[in-house]
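model the following, please.
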Amino acid sequence: MNPDASLITALVERWRPETSTFHLPCGEITITLEDVVTLSGLAIDGDAVVVDILDEEWSAICLRLLGQVPVDLVGGVAVVRIVWLRVEFSHLPEDASQEVIEQFARAYALSLIGGVLFPDRSGSTVHLQTYF
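Numbers count the residues shown, from 1 in each chain. Reported below is the predicted structural model:
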């Protein structure tokens with residue numbers, strides 16, 4: 001997915017941080033929690049889920065949920081490069097098992113969350129805590 005640079009520029013020019021709204025010709029628009037739910041499919045009802053995971057455990061979690069661990073997951077730090085996700089999970093084998101299909105789906109979701117929906121300042125990494 002290639003972002004439309006002119007669309008992003010137009011939105012940035014119309015963003016007002018003091019009111020957290022976009023000023024458009026049709027009026028003010030803000031992004032609501034309902035919008036986030038619609039885009040992400042995340043549930044907002046019930047108790048918050050908070051898990052305290054030690055840095056050393058991220059490699060094992062990454063291996064279990066993605067089937068592999070990136071080389072640059074140094075010291076178990078819970079950050080993955082989006083480029084690694086896109087390279088390693090760019091082609092789903094035709095004879096893929098259900099487990100491999102789910103691993104590719106998780107990798108796609110991570111790259112979508114970290115690269116498009118909620119990028120960090122670098123725009124090149126995603127925290128595993130975002131999704132796992």
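
just give me the neighbour total for Gly114.
For Gly114, the count of nearby residues is 25 (other CB atoms under 10 Å). The way it works is simple: take the backbone N, C-alpha and C, and place the C-beta from them, glycine included.

oops, could you answer that again for Val79 instead?
Neighbours of Val79 using other CB under 10 Å come to 19.

against Gly115, how distant is the closest residue to it other than its chain neighbours?
Spatially, and ignoring its direct neighbours in sequence, Val79 is nearest to Thr125 (4.9 Å; CB to CB, 6 or more residues apart in numbering). Distance, Thr125 to Gly115, using CB to CB, to the nearest Å: 9 Å.

same question, Val80
On the measure of CB to CB, Val80 and Gly115 end up 11 Å apart.

comparing the two, which residue is more hemmed in?
Remark: of Val80 and Gly115, Val80 carries more neighbours, 26 against 20, as counted by other CB under 10 Å.

and the contacts of whatever helix or strand the more buried one lives in?
Take DSSP states H and E as the rule and Val80 turns out to sit in strand 79-81. Outside strand 79-81, the residues that touch it by CB atoms under 8 Å, 6 or more residues apart in numbering are Cys62, Pro70, Asp72, Leu73, Leu110, Gly114, Ser124, Thr125, Val126, His127, Leu128.

try it again at 10 Å.
Surrounding strand 79-81, the residues in contact under the criterion CB atoms under 10 Å, 6 or more residues apart in numbering are 58, 62, 66, 69-73, 87-88, 107, 110-111, 114, 120, 122, 124-131.

next step: those residues restricted to helices.
Within the contacts of strand 79-81, residues falling in helices by DSSP state H are Trp58, Cys62, Leu66, Val87, Glu88, Ala107, Leu110, Ser111.
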